[in-house]
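**Student:** For reference, the sequence and a predicted model appear below.
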Amino acid sequence: MTTPPPPPTTTAHTSPNTAAPAPGSRNSRNSLSAINYFRTTATATRVLRQLAHDPRTIALLLLIPCVMLFLLRYVFDGSPRTFDSIGASLLGIFPLITMFLVTSIATLRERTSGTLERLLTMPLGKADLIAGYALAFGTLAIIQSALATGLAVWFLDLDVTGSPWLLLVVAVLDALLGTALGLFVSAFAASEFQAVQFMPAVIFPQLLLCGLFTPRPDMHPVLEAISNALPMSYAVDGMNEVLKHTDVTANFIRDVLIVAGCALLVLGLGAATLRRRTT
Amino acid sequence: MTPPPRTRTIHRMMNSVSDPPDHPAVRAQDLSIVRGSRTVLRSLDFTVPPGQITGLLGPSGCGKSTLMRAIVGTQAKVMGTLEVLGLPAGATPLRSRIGYVTQAPSVYDDLTVRQNLDYFAAILDPGRAAAERRRASVTRAITDVDLTSHADALAGNLSGGQRSRVSLAVALLGTPELLVLDEPTVGLDPVLRRDLWTLFHTIAADRGATLLISSHVMDEAERCHRLLLMREGQLLADDTPDALRTRTGAETVEAAFLHLVDEAVAASAPEKERAR
């Protein structure tokens, strides 16, 4: 049995950089305003390291879009114009769907494993965590999109009038949007089963209304109005702008800004679902 | 049981003022927590002295974990006064000064032990300039919990006891002033349990940290400097193990606890009658 030691003679204090606002503000509303660069990159590195231990997921993530495009190319063997249009749209849709799935499961695991609660007892801003996830999956999305776009443009004769780089820009923004949506819905899923079910709930309606199957102006006016409010519509519009125009058009810029704006908005909503205090 | 001398890593508080702890590590006054319609903690008053090991004991479901969550600032709807290291519980500056271990190990199963610790160390002590300090802190934490030989194993491939020690190692990073450990020795074999308690005493004695450790294993109570005995959201006792035994005339803390429970039941029975 050890006897109680004398009380310590010094108390440690934190450095000023973790010093906080007034002790009363428990919600630390300022955590969204400042992103700590180091903690964000540390989080991104951690997420990528987790993926690195799971090479099968990486392989599936990178290969499936390529295989689908390859398949599509020969499905539309007789009508290359259709392949151009659908292929370009899919280059924008793939990253959105895969990043949605990967992020919603990854953040759900973070919530259920208790690591999220642990992180939120530490000096980590919610924005650091979300930006870290966005950075990690964004990196992955760049690789995925580069592979798919490269394959489509150079090997499958996808005929784009504009620059393939612009396709890549839209694809990466779509991936970011997928990450944001996945992060957001993971807050409402109590299990992996539910998280996977959110894909048909959140993604499929957008898929039907985004103009992939029929041009949006041909839809019932009510559906067209709804499609105007869904971000995937602008992702597909943006891809089609690159397909048809050599230059960066005003419409293209509008589409890109809308997709980026939606991604940021949903990332913000995702941050709001991370609560330091729970019952 | 004199612990071997340790090289203390110089942590971030190097250039800050040091003053004697004029406040208890934890101070609760009229602390209540309501969850739904159920009052989980009922008007608790207690203090946790600094630099010592305080055991939080009671049957499962008595509110130990909820109290710990309140102290680390993750519990919502906390009423009354709860001060931790002189600040309101949950205050932002406390986040780098408290180490917290939940009952279920909260680590990334798909990272190695060292990768887990590297990440949490980066969150606690960010910046490129701190890289050397972080490395030392990670190595010390792995040594503390005796996982050096498993440092490069995936956490998911470890046994349950090993994983809970990884979780403990995360809490030891960066020399926290207060360690809140929720049943850290559950499911561990007797040798490991003894080693961990030796480590807890080392941390209190050498690093000057305060430890609040919950357990429902009463024989662990004997190893604490002070005890908080809880039952159904209320405190039955706040004393040293010796004083508890003397007061109740019991031989062990377990017997003392049972004595106090019987007393509380006897006292509350007429009260309930009157409430009707």
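**Tutor:** That came through, no problem.
**Student:** which sections of the chain are below the confidence cut-off?
**Tutor:** If you meant another chain, say so; for now it's chain A. A:1-34 (pLDDT under 70).
**Student:** Let me rephrase: I mean chain B.
**Tutor:** B:1-22, B:270-276.
**Student:** what's the neighbour count on residue B:222?
**Tutor:** 16 (other Cβ atoms under 10 Å in any protein chain shown). The way it works is simple: take the backbone N, C-alpha and C, and place the C-beta from them, glycine included.
**Student:** Repeat that for the one 3 residues further on.
**Tutor:** When neighbours are defined as other Cβ under 10 Å, residue B:225 has 19 of them.
**Student:** That one against residue B:240, yeah?
**Tutor:** Yes: if you go by Cβ atoms under 8 Å, residue B:225 and residue B:240 touch, sitting 6.7 Å apart.
**Student:** Indicate the residue of the stretch 151-276 of chain B located nearest to chain A.
**Tutor:** Residue nearest to chain A within the stretch 151-276 of chain B: residue B:208 (2.9 Å; Cβ to the nearest Cβ).
**Student:** Please enumerate the helices of the chain.
**Tutor:** Reading this off chain A. Here chain A has its helices, by DSSP state H, at A:37-52, A:55-75, A:80-112, A:115-120, A:126-150, A:164-186, A:192-202, A:204-209, A:221-229, A:231-244, A:250-272.
**Student:** Let me rephrase: I mean chain B.
**Tutor:** With helices called from DSSP H, chain B shows them at B:64-72, B:113-124, B:131-144, B:160-172, B:190-206, B:241-248, B:253-275.
**Student:** which helices and strands does the last one pack with?
**Tutor:** In this structure, helix B:253-275 packs against strand B:226-231, strand B:234-239, helix B:241-248, with contacts taken as 3 or more Cβ pairs under 8 Å, 6 or more residues apart in numbering or on different chains; DSSP states H and E.
**Student:** let's see it at 6 Å
**Tutor:** strand B:234-239, helix B:241-248 (3 or more Cβ pairs under 6 Å, 6 or more residues apart in numbering or on different chains; DSSP states H and E).
**Student:** Equivalent analysis for the second one, please.
**Tutor:** Identification of packing neighbours for helix B:113-124 by 3+ Cβ pairs under 6 Å, 6+ apart yields helix A:37-52, helix B:131-144.
**Student:** Next: the fourth one.
**Tutor:** The elements that helix B:160-172 packs onto, with contact taken as 3+ Cβ pairs under 6 Å, 6+ apart, are strand B:98-101, helix B:131-144.
**Student:** Out of the helices and strands packed on helix B:253-275, which one sits most buried?
**Tutor:** A comparison of the helices and strands packed on helix B:253-275 by mean neighbour count, using mean count of other Cβ atoms under 10 Å in any protein chain shown, puts strand B:234-239 on top with a mean of 19.
**Student:** Can you give the distance of it from its chain's centre?
**Tutor:** 17 Å (Cα atoms, centre = their mean, to the nearest Å).
**Student:** same check, this time on stretch A:124-143
**Tutor:** 8 Å.
**Student:** same check, this time on stretch A:50-69
**Tutor:** On Cα atoms, centre = their mean, the centre of stretch A:50-69 falls 16 Å from the chain's centre.
**Student:** So what touches it?
**Tutor:** A:94, A:98, A:144, A:147-148, A:151-152, B:110-111 (Cβ atoms under 6 Å, 6 or more residues apart in numbering or on different chains).
**Student:** a markdown table for the helices of chain A, including mean neighbour count?
**Tutor:** Listed next are the helices of chain A as a markdown table, based on neighbours: other Cβ atoms under 10 Å in any protein chain shown:
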| stretch | mean neighbour count |
| --- | --- |
| helix A:37-52 | 19 |
| helix A:55-75 | 15 |
| helix A:80-112 | 23 |
| helix A:115-120 | 22 |
| helix A:126-150 | 22 |
| helix A:164-186 | 25 |
| helix A:192-202 | 15 |
| helix A:204-209 | 17 |
| helix A:221-229 | 13 |
| helix A:231-244 | 25 |
| helix A:250-272 | 18 |
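**Student:** Good, we can wrap up now.
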